[in-house]
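*Asks:* Below are the sequence and a predicted model for it; my questions follow.
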Amino acid sequence: MKKLLYIGWIGFNNLGDELLWNIFKNTCRKYFKDDEIEITPSVPSVDLKNLDKFDIVVLGGGSLLLPGYLQVLQNALHKGKSVIIWGTGLDWIGKENLDLLLEDKLLSLEQNFKQKDIEVLEEVIEKALFIGVRGPLTKKAIEIMLGNEKSKKVQLIGDPGLLLEGHFQGRRGEKEKVIGINWGTTFNRLYGGNEKLVEKQIVKTAKKLIAKGYKIMIYTVWPSDIPSCERLYKSINNPENVEIDKNRYTEQELIEKLSKCRATINFKLHANLLSLAAGVPAIALGYRFKVFDYAASLGLEHLVVSADSLNLTQELLERVEIIENTGETILKQYQSKKTNYIPLLESIFTSDTL
């Protein structure tokens, strides 16, 4: 029996990270018998410095391409363990560098990766069995750090959240005019550095949507987001037309809940994929690099509104209009990309990689 360590941000009740672990675990069960592989998730009690009992270490979905986790992978390689990178990505790249990257003008990522970190990344990529990253911006950033030749092994395989199974409720035109809003906190670590201002703009957006005949459903994907959602609900101050749902759902329960919406506006990254899995086009608040990376992987960059936008309310309202006019096209785009990514995401299970 092979013993595998799955590294993710697990055990903190964040639905996005938990669903990525569930997807990995369930896909393993789909392709392997119980006596073939034993998986340990990296819950807080697991010591990432003691890898002796594992044969394979998998850096899973999320935004985990960070120096600390790369060091864990390097240590695993030095102990003779097999290493796999599966659907993870970069984050924490500043807005100025993101804009330069999008314009193919970024020359260095020294703000995020020092030379010693780049050397660790280079060794991990050279020796890992498989390197599959979430989005094209992550891939491009790695190429900037290592050069094209040393980055050849890096594959774009999409976010593992694309393996979520959908739940579709009725035709788009038959749905109530409900807009789901996922709000929360990132403790002010967002583009523009002003979470309160973004919240005020979302309140303004919600009020304008209500005036257009929409109802609002506020929902969370992380318990720490509840106070922010409660504040948003009180600020909109329209209980007749606004519902706040503070329940902690599984991914499948939330997909079913979201399936009644016409569109969603989402702060947290995986709320967008949960919405799309429900057959509901999603507007992403581009609060950090990872959101732009996700959107670029699906060709849905036009549905991202940057958190530092000076016209955030107007841009959100414009995206709702785009969804009302082209919602079916957006969902077809998502399904097409998903169809392309699924074999890539499942390739570590269907080949001899694991």
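*Replies:* Happy to help now that I have it. Numbering: from 1, shown residues only.

*Asks:* Would you indicate which residues of stretch 212-227 are buried?
*Replies:* The neighbour-count check on stretch 212-227 (16 or more other Cβ atoms under 10 Å) flags 214-222, 225-226 as buried. For every residue, glycine as well, the C-beta is placed using N, CA and C.

*Asks:* who's in contact with it?
*Replies:* Outside stretch 212-227, the residues that touch it by Cβ atoms under 8 Å, 6 or more residues apart in numbering are 12-16, 176-185, 206, 209-210, 229, 232-233, 236, 238, 241-246, 248, 254, 257-258, 261-262, 267-268, 270-271, 274.

*Asks:* List only buried entries from those residues.
*Replies:* Burial by neighbour count, judged by 16+ other Cβ under 10 Å, picks out 14-16, 178-185, 206, 209-210, 229, 232-233, 236, 241-242, 244, 254, 257-258, 261-262, 267-268, 270-271, 274 from these.

*Asks:* Settle this for me: residue 124 is touching residue 75, isn't it.
*Replies:* No. Taking contacts as Cβ atoms under 8 Å, residue 124 lies outside contact range of residue 75: 10.2 Å.

*Asks:* Have a look at the two and say which one is more surrounded.
*Replies:* Between residue 124 and residue 75, residue 124 has the larger neighbour count (other Cβ atoms under 10 Å), namely 22 against 17.

*Asks:* Give the burial count for residue 61, as a bare number.
*Replies:* As a burial measure, residue 61 scores 29 neighbours (other Cβ under 10 Å).

*Asks:* mind starting the numbering at 642 from now?
*Replies:* With the count now opening at 642, the last piece we talked about shows up as residue 702.

*Asks:* low-scoring pLDDT stretches of the stretch 842-991 of the chain, where are they?
*Replies:* Across the stretch 842-991 of the chain, nothing is flagged by pLDDT under 70.

*Asks:* What sits closest to residue 711 if chain neighbours are left out?
*Replies:* In space, residue 711 comes closest to residue 761 once its chain neighbours are excluded; the distance is 4.9 Å by Cβ to Cβ, 6 or more residues apart in numbering.

*Asks:* if I look at residue 946, how far off is residue 831?
*Replies:* Applying Cβ to Cβ, to the nearest Å, the value for residue 946 to residue 831 is 12 Å.

*Asks:* Looking at those two, which is more packed in?
*Replies:* Neighbours per residue, other Cβ under 10 Å: of residue 946 and residue 831, the larger number sits with residue 946, 26 against 21.

*Asks:* host element of that one?
*Replies:* Residue 946 belongs to strand 945-947 when assigned by DSSP states H and E.

*Asks:* What of residue 978?
*Replies:* Counting by DSSP H and E, residue 978 is found in helix 953-991.

*Asks:* So this protein: which segments form each domain?
*Replies:* By the assignment in automatic domain parsing, the chain contains the domains 643-798, 813-978.

*Asks:* Just send those domains back as a markdown table, with distance to residue 993 too.
*Replies:* Rendered in a markdown table, the data for the domains of the chain read as follows (distance: least, Cβ to Cβ, whole Å):
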| stretch | distance to residue 993 |
| --- | --- |
| domain 643-798 | 9 |
| domain 813-978 | 26 |
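
*Asks:* So for residue 807, which of those domains sits nearest?
*Replies:* domain 813-978 (4.6 Å; Cβ to Cβ).

*Asks:* tell me how far stretch 902-910 is from the chain's mean position?
*Replies:* With Cα atoms, centre = their mean, to the nearest Å as the basis, stretch 902-910 stands 13 Å off its chain's centre.

*Asks:* do stretch 850-865 as well
*Replies:* In terms of Cα atoms, centre = their mean, the centre of stretch 850-865 is set 20 Å apart from its chain centre.

*Asks:* now the end-to-end length of that stretch.
*Replies:* 26 Å (Cα to Cα, to the nearest Å).

*Asks:* if we can go back for a sec, the buried residues of stretch 853-868: which two are farthest apart?
*Replies:* Every pair of the buried residues of stretch 853-868 checked by Cβ to Cβ; the farthest is 855 and 863, at 24.8 Å.

*Asks:* Contacts only, for residue 778.
*Replies:* Residues near residue 778 by Cβ under 8 Å, 6+ apart: 730-731, 739, 742-743, 930, 933-934, 937.

*Asks:* between those, which is nearest residue 754?
*Replies:* Among those, residue 731 lies closest to residue 754 (Cβ to Cβ), at 9.3 Å.

*Asks:* Remind me which helix or strand the most far-flung residue of the chain relative to its centre belongs to.
*Replies:* Most distant residue from the mean C-alpha position of the chain: residue 881, 32.1 Å away (Cα atoms, centre = their mean). Under the assignment given by DSSP H and E, residue 881 is not contained in any helix or strand.

*Asks:* Kindly provide the distance from it to residue 692.
*Replies:* From residue 881 across to residue 692, the span is 56 Å (Cβ to Cβ).
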